[in-house]
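J.: can't give you the sequence, but here's the structure:
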């Protein structure tokens with residue numbers, strides 16, 4: 001059996017920089033594709049997060065209101081993406097919204113009311129970890145709403161979002177798309193990791209069994225709520241790290257903020273990862 005090439009102690013003693021380290025590794029033909037991918041991800045993320053800081057300053061200076069919705073099946077990577085967006089932003093003008101199930105009082109109110117209270121004020125960016133679109137997919141699949149409530153929502157949501165558009169709120173709707181096999185792999189990983197086990201719930205467990213029902217309601221949602229003023233953006237998210245980078249690129253690409261032309265990396269998203277709903281002819285979920 002051929003022995004895997006390694007760096008010797010002498011090699012390390014002669015290396016004085018990362019460049020020399022990579023040269024030595026390349027010379028000895030040591031496989032480091034995963035390391036290179038990780039280093040590229042970390043470097044790109046840092047550059048893009050610098051741009052997010054610039055964007056936030058521009059939003060605050062110009063009293064813009066930005067709401068970004070992160071939707072998708074369970075374990076699609078919504079929370080991880082939000083963390084990378086907000087990691088270095090000023091919390092005074094950034095908010096995360098992750099609502100629990102409605103109270104008895106909220107169930108008796110107009111469905112959108114509790115979300116309206118969470119919309120951005122002037123100068124704010126708000127990140128929704130799930131949103132009013134719970135009623136478009138999760139609630140009908142799990143039996144958490146009636147057919148009448150579902151139909152009323154589907155009729156009202158385009159008008160609701162049009163009012164936000166006319167009032168000057170920028171609404172960005174992202175759907176994180178993963179395959180059934182990838183979802184199962186992530187569920188199993190959560191159960192094996194004590195720090196992530198809290199993420200797994202009975203609703204998650206039903207995600208695999210009710211996969212086709214989720215698909216049906218997801219398609220209904222896209223067809224009835226994808227509009228010119230509030231389009232759905234599909235994110236191919238089987239590769240978490242790639243999805244994170246391309247999502248940030250997409251959001252940055254939408255705004256002409258101060259200092260954008262000085263970015264140290266491209267701000268144009270990969271069209272094979274980020275696409276509008278109607279351009280996504282073959283969806284993985």
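T.: Cool, got the structure. Quantities reported herein were computed from a predicted structural model and do not represent experimental measurements.
J.: Do me a favour and average the pLDDT over the helix or strand residue 175 falls within.
T.: Per DSSP states H and E, residue 175 falls inside strand 169-177. Throughout strand 169-177, pLDDT has a mean value of 98.
J.: before we move on, what about stretch 85-105?
T.: Summarised as a single mean, pLDDT over stretch 85-105 is 96.
J.: Going by neighbour count, which residues of the helix or strand residue 45 falls within are buried?
T.: Taking DSSP H and E as the definition, residue 45 sits inside helix 33-61. Residues 41, 44-45, 47-52, 54-60 are the ones in helix 33-61 that count as buried (16 or more other Cβ atoms under 10 Å). Bear in mind the C-beta positions are built from the backbone N, C-alpha and C, glycine included.
J.: what does stretch 127-143 give?
T.: Going by neighbour count (16+ other Cβ under 10 Å), the buried part of stretch 127-143 is 127-142.
J.: Same check on stretch 71-80?
T.: The neighbour-count check on stretch 71-80 (16+ other Cβ under 10 Å) flags 71, 72, 73, 74, 75, 76, 77, 78, 80 as buried.
J.: and what of stretch 150-161?
T.: Of the residues in stretch 150-161, those buried under the neighbour-count criterion (16+ other Cβ under 10 Å) are 150, 153, 154, 157, 160, 161.
J.: how much space between the fourth one and residue 209?
T.: The one in question is residue 157. Counting by Cβ to Cβ, to the nearest Å, the gap between residue 157 and residue 209 amounts to 27 Å.
J.: can you list the weak-confidence ranges in the stretch 151-285 of the chain?
T.: 280-282 (pLDDT under 70).
J.: hmm, back to that, for the buried residues of stretch 71-80, which one is nearest residue 246?
T.: Using Cβ to Cβ, residue 77 is the member of these that sits closest to residue 246, with 11.7 Å.
J.: measure the closest one to residue 142 for me?
T.: Between residue 77 and residue 142 the distance is 21 Å, computed by Cβ to Cβ.
J.: Could you do residue 39 as well?
T.: In this structure, residue 39 and residue 142 are 41 Å apart, going by Cβ to Cβ.
J.: can you check residue 134 too?
T.: 10 Å.
J.: And for residue 86?
T.: For residue 86, the distance to residue 142 equals 28 Å [Cβ to Cβ].
J.: for residue 28, same thing?
T.: Distance of residue 28 to residue 142, computed by Cβ to Cβ: 54 Å.
J.: Over to residue 257?
T.: From residue 257 across to residue 142, the span is 40 Å (Cβ to Cβ).
J.: Could I get the full set of helices for the protein?
T.: Ranges of helices within the chain are 9-14, 18-27, 33-61, 78-86, 104-107, 113-116, 138-142, 147-166, 180-192, 202-209, 211-225, 240-253, based on DSSP state H.
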